[in-house]
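[1] no letters, just coordinates:
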């Protein structure tokens, strides 16, 4: 009799959900706990709210509907992994530095518990994406991997010994603050604080865009440059993707604009390799995704100069699904640990 | 009856040893497994051998004698932690990059088993020292800490979530290969490979010594400099410690020589902080130890410019006992894990 009840309970809680909560869009995945079933998918616009209670009421109502539509009743859901566009303080359950969710600093686990009482895992969306790439993507089979995301900003996520590593305040991977060269630093130490984020301002998509606009605004770029025509002949319309597209054709201005961002990115990856000796670094985010072959080749060519250890550099494979896949993988791992 | 036997067995294996094997000296510590007893200590000159078998025969014979002298019979020894002056590949049990022990690449665990069949933990001596500082020294109570050792060379050891992290090939912490500025790099990428180890060549004791000797050899230093008199008026007799001693008195040449090493060290610590968000960085090794207050203050003053996260910088407390204390702590932790 007891065995039957246990069997039923196990069967009941045989589903898991992974949710990537973005500032504008939310992606939900639903699958079996042991990962051998179909993965159901649901995309919806994020309904932001000023208070976490209103937000999670909405989110878990949507999840419940999604579950029912997928043939999973609410009490069959063993756990939910949630990725947020901000820093999660694991000990406190607090979400911080999330522009889209400027909530009071409180334990959101307690609020979530009002709507769902199963197992949950919370983490930063970049961390979840890194876990996704380890579970299903470009870092599959690697024990120690780092994912570097190059988009409007820059960040890294560390999966060491198969586990996400977040540091003391959830701030591990904030490589926008790397010091990888003298560019942008005042050698005389006259000013205060101007060294913060120099690496990000050089290597990010935003940084590349700004560099290119300044280049043309300063009259350094010829109107014959491919960048100029791609941007419709207006310096303030230039985007990083124009620069990459032009560089792929050997455009001189583009090559000059990209030299420093590529060199500094290589130095950043060299520093990651020296300190952590991972076996793979995954490049994700908009900049890497829009020009994968060019970006990868150029960074690798420069990296050789700085690195003696073997290190594989690869482009992320899962795109904007990485976060939700990672959230799914994280809750599965969490349940496995709980089982032991 | 069964309980009595188990009780006896537990009592039998109630000791642990921690051994720091240096190129010239070996330190053995012996204590109780639960850490509440006296710590016995034995120092002896390292008897190097061309083959690991001869070496471990010697080592474990010495350990046995030490045990007997300390009132611990051989079968009471539950485990031994061993720190080596080289890289340990954990999966293979291979010792590599150990100038004092240039053995064939074989699994030394199998060789050790011929002389001792209890639990063992092997690691690099710098890793063991970092674990020692976490267990008993400057990083006590910290969950995520990094120990940076500045001596003839430079290296770092990472204790993340209370566990040593060694990377894919045991090469984590090789920060001698950091790129933290343009100094020493060829901006034109003309040469190959000259970027390797620039950080070490600037920040290590050896690097500081060389910088100072070149400074005076090039006629830049006055004979009125305190460095000059400390070195007996011979450029080739100048040592890093002379430079630090002179700098503490405000010697102009010394301040000029140290500016770059201190600045680059601060940048290196900034990079560690950005990537790992530890709560403490412990500075160890000869350079930090010989001028602790000056070195710490000067590095911290420069670090402020690069780091936004809270990070404590402290000087190592355990000196040349750190490795053996860490080896003891490591075997204790290993036995605790095995018990669970």
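    Cool, got the structure. This structure is a prediction, so every number in the text was calculated from the model and none was measured.
[2] for the stretch 101-250 of chain A, which residues are neighbours of chain B?
    For the stretch 101-250 of chain A, the residues in contact with chain B (Cβ under 8 Å from any Cβ of the partner chain) are A:143-144, A:156, A:158, A:160-161, A:165-183, A:185, A:189, A:192-193, A:195-196. Every C-beta, even on glycine, is put in place using the N, C-alpha and C of the backbone.
[3] shaky segments in chain A?
    Low-confidence segments of chain A (pLDDT under 70): A:1-12, A:186-195, A:340.
[4] let's see 80
    Along chain A, the parts satisfying pLDDT under 80 run over A:1-12, A:186-196, A:339-340.
[5] in it, which helix is the longest?
    As assigned by DSSP state H, the longest helix anywhere in chain A is helix A:252-276.
[6] angle of that helix against helix B:252-276?
    Angle, helix A:252-276 to helix B:252-276, by axes from the mean of the first three to the mean of the last three Cα atoms, to 10 degrees: 90 degrees.
[7] quick one: check the helix or strand that helix A:252-276 is followed by for contact with chain B.
    Following helix A:252-276 in sequence order, the next helix or strand is strand A:280-284 (DSSP states H and E). No - Strand A:280-284 is not in contact with chain B by Cβ under 8 Å from any Cβ; minimum separation 8.9 Å.
[8] contacts for the following helix or strand past strand A:280-284?
    Next along the chain after strand A:280-284, taking DSSP H and E as the criterion, comes helix A:286-290. Outside helix A:286-290, the residues within contact range by Cβ atoms under 8 Å, 6 or more residues apart in numbering or on different chains are A:150-152, A:204-205, A:208, A:240-241, A:244, A:295-296, A:315-316, A:319.
[9] same thing with stretch A:142-149?
    With contact meaning Cβ under 8 Å, 6+ apart, stretch A:142-149 is reached by A:126, A:129-130, A:133-134, A:139, A:154-162, A:173, A:175, A:268-269, A:272, A:276-285, A:316, B:167-168.
[10] and the buried ones among those, selectable in PyMOL?
    To isolate the buried members of the contacts of stretch A:142-149 in PyMOL, using 16 or more other Cβ atoms under 10 Å in any protein chain shown:
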select buried, (chain A and resi 126+129+130+133+134+139+154+155+156+157+158+159+160+173+175+268+269+272+276+277+278+279+280+281+282+283+284+285+316) or (chain B and resi 167+168)
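[11] which residue, other than its chain neighbours, is closest to residue A:321?
    residue A:27 (6.7 Å; Cβ to Cβ, 6 or more residues apart in numbering or on different chains).
[12] ok, back up a step: in helices only, show me the residues of the stretch 101-250 of chain A next to chain B.
    Per DSSP H, these never map to helices.
[13] of those residues, buried ones?
    By 16+ other Cβ under 10 Å, those give A:143-144, A:156, A:158, A:160, A:165-182, A:185, A:195-196 as buried.
[14] which stretches in the stretch 1-150 of chain A count as helices?
    A:2-12, A:52-69, A:108-112, A:125-136 (DSSP state H, counting those that start in this stretch).
[15] ranking those helices by burial, who's on top?
    Mean neighbour count, computed with mean count of other Cβ atoms under 10 Å in any protein chain shown, is highest for helix A:125-136 among the helices of the stretch 1-150 of chain A, reaching a mean of 28.
[16] what angle do it and strand A:280-284 make?
    Interaxial angle of helix A:125-136 relative to strand A:280-284 (the same axes, to 10 degrees): 120 degrees.
[17] pretty sure residue A:327 contacts residue A:121?
    Yes - here residue A:327 reaches residue A:121: they are 7.3 Å apart, a contact under Cβ atoms under 8 Å.
[18] what residues are shared contacts of the two?
    Common contact partners of residue A:327 and residue A:121 (Cβ under 8 Å, 6+ apart): A:80, A:81, A:82.
[19] neighbour-wise, which of these leads?
    Counting neighbours by other Cβ atoms under 10 Å in any protein chain shown, residue A:81 comes out on top of those with 30 neighbours.
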